[in-house]
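Engineer: no sequence for this one, just the structure:
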Ligand code: FAD
């Protein structure tokens with residue numbers, strides 16, 4: 001009797017791997033083990049529709065609970081996988097049970113990077129979102145530490161709920177690690193014009209008496225202080241099993257680890273990307289879903305090297321930022337449209353080739369960019385900046 005596939009991690013990638021295996025006609029047993037108590041759910045609404053009360057817990061589930069039974073997916077919630085016994089081809093659960101596998105998929109995600117500050121909240125899981133939502137209902141003043149995607153999305157939601165909001169960012173601009181200065185400046189103005197106080201080049205020194213104390217000694221009261229300063233990939237399970245790890249579980253272009261039976265996907269995996277010309281670890285729904293689909297195909301015997309164009313989105317107020325490709329190593333950048341109009345895109349070029357595009361409220365540019373980057377169709381900076389030039393591939 002085959003042992004089938006064991007998937008550790010019941011998040012976006014783990015769920016998708018199980019669903020895609022069945023969609024590919026895989027007939028053997030599938031076991032999906034997650035340490036959270038809920039069926040797999042979407043994280044993006046946690047900082048947006050869920051805290052705003054527009055979507056409830058059931059509405060963010062990736063599938064209803066019945067799906068797993070109907071598709072013969074053995075779903076084990078609330079169970080942490082403690083070890084991979086690679087020689088015996090089995091995983092060991094916290095409760096002591098051993099589950100054998102023919103193939104193992106690690107979809108372990110990541111956890112919040114934490115700061116040594118008491119009483120602050122973090123947002124990664126549904127449980128944390130429930131806590132933030134409840135505390136937001138009572139709060140007047142909200143302090144957000146970190147001006148990245150998560151921090152800014154929570155800031156926008158809290159402000160939309162009428163709270164007084166301060167964002168404290170240690171770097172000189174918002175989302176500095178991922179977007180161009182023109183995009184950072186645009187989002188700075190967007191938040192400030194909607195009433196968010198944004199402090200750049202500023203660090204929170206301590207939390208005292210319900211106040212965030214800044215480095216210059218000034219204070220901002222926070223009934224709720226949320227920290228969004230990045231995540232740490234969950235790699236320990238793989239490292240302890242002797243698999244190579246370097247800011248993520250190392251996989252090849254087939255998303256296989258050094259052990260040919262074991263794959264790693266999603267936020268926890270670092271892989272060689274043709275679009276970055278280096279190894280990258282991405283934190284996005286697209287990456288989790290597309291890598292899961294690729295691994296399911298590989299296990300079902302229909303595999304191909306993973307080549308999907310990375311893309312991402314972030315919703316803040318009525319603004320949708322969409323990103324395609326990877327700008328790392330770009331040497332030229334042009335803007336299409338006017339930032340003042342609230343709709344524009346930034347095109348990044350590396351050695352004359354389009355490598356990434358950030359779009360604000362220009363979904364057509366984003367879709368065109370994904371196709372242009374995937375196909376490698378020629379477009380030069382002058383054409384990209386010229387709004388009369390069609391980006392559509394004929
Ligand atoms: P996860 O979804 O984190 O799933 C991993 C699961 O594995 C977790 O449930 C974890 O508890 C479990 N696990 C870990 N170790 C073990 C173990 N040993 N045993 C059992 N289970 C284990 N992306 C976008 O593209 N657009 C957005 O707008 C966006 N918004 C976001 C908003 C928020 C608030 C957050 C937190 C993320 C957002 N993301 C967004 C990122 C996106 O949700 C993640 O990239 C995606 O969820 C990654 O999927 P994953 O399966 O790799 O990891």
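Structural biologist: Alright, I've got the coordinates. Predicted, not measured: the structure shown is a model, and the values here were computed from it.
Engineer: rest of the way, CA atoms for contacts and neighbours
Structural biologist: Fine.
Engineer: Flag every residue of this protein that's near the ligand.
Structural biologist: Where the chain comes near the ligand, counting by C-alpha under 6 Å from any ligand atom, the residues are 8-14, 33-36, 43-44, 46-47, 79-82, 107-110, 123-124, 150, 266-268, 283-286, 288, 312-314.
Engineer: Now the buried members of the residues you listed.
Structural biologist: Of all the residues of the chain next to the ligand considered here, the ones buried according to neighbour count by 16 or more other C-alpha atoms under 10 Å are 8-14, 33-36, 43-44, 46-47, 79-81, 107-110, 123-124, 150, 266-268, 283-286, 288, 312-314.
Engineer: Which of those residues fall in strands?
Structural biologist: Under the assignment DSSP state E, these contribute 8, 33, 81, 110, 312-314 to strands.
Engineer: On the pLDDT front, check the nearest residue to residue 254 once chain neighbours are set aside for me.
Structural biologist: With sequence-adjacent residues excluded and distances taken as C-alpha to C-alpha, 6 or more residues apart in numbering, residue 254 is closest to residue 305, at 4.9 Å. Per-residue confidence (pLDDT) for residue 305: 95.
Engineer: Need phi/psi at residue 305.
Structural biologist: Dihedral pair for residue 305: phi -60, psi 150, per degrees, to the nearest 10.
Engineer: now do residue 17
Structural biologist: phi -60, psi -40.
Engineer: show me the contacts for it.
Structural biologist: Taking C-alpha atoms under 8 Å, 6 or more residues apart in numbering as the contact definition, residue 17 lies against 7, 289, 292-293, 295-296.
Engineer: Apply 10 Å and report the result again.
Structural biologist: Under the criterion of C-alpha atoms under 10 Å, 6 or more residues apart in numbering, the contact list for residue 17 reads 5, 7, 10-11, 23, 30, 32, 105, 107, 265, 288-297, 299.
Engineer: Residue 365 now?
Structural biologist: With C-alpha under 10 Å, 6+ apart as the criterion, the residues that contact residue 365 are 322, 324, 336, 344-347, 357-359, 384, 390-392.
Engineer: residues in contact with the helix or strand of the chain with the lowest mean pLDDT?
Structural biologist: When each helix and strand of the chain is scored by mean pLDDT, DSSP states H and E, strand 278-280 comes last, with a mean of 94. Among residues not part of strand 278-280, those counted as contacts by C-alpha under 10 Å, 6+ apart are 246-248, 250-253, 269-274, 326, 328.
Engineer: Kindly recompute the last result at 8 Å.
Structural biologist: The contact list for strand 278-280, computed with C-alpha under 8 Å, 6+ apart, reads 270-273.
Engineer: Look at residue 291 and say how many residues are nearby.
Structural biologist: Using other C-alpha atoms under 10 Å as the criterion, residue 291 is surrounded by 25 other residues.
Engineer: wait, residue 199
Structural biologist: Every residue meeting other C-alpha under 10 Å relative to residue 199 is counted, giving 20.
Engineer: what residues are up against it?
Structural biologist: Going by C-alpha under 8 Å, 6+ apart, the list of residues near residue 199 reads 166-169.
Engineer: Before I go, just wanted to say thanks for your time.
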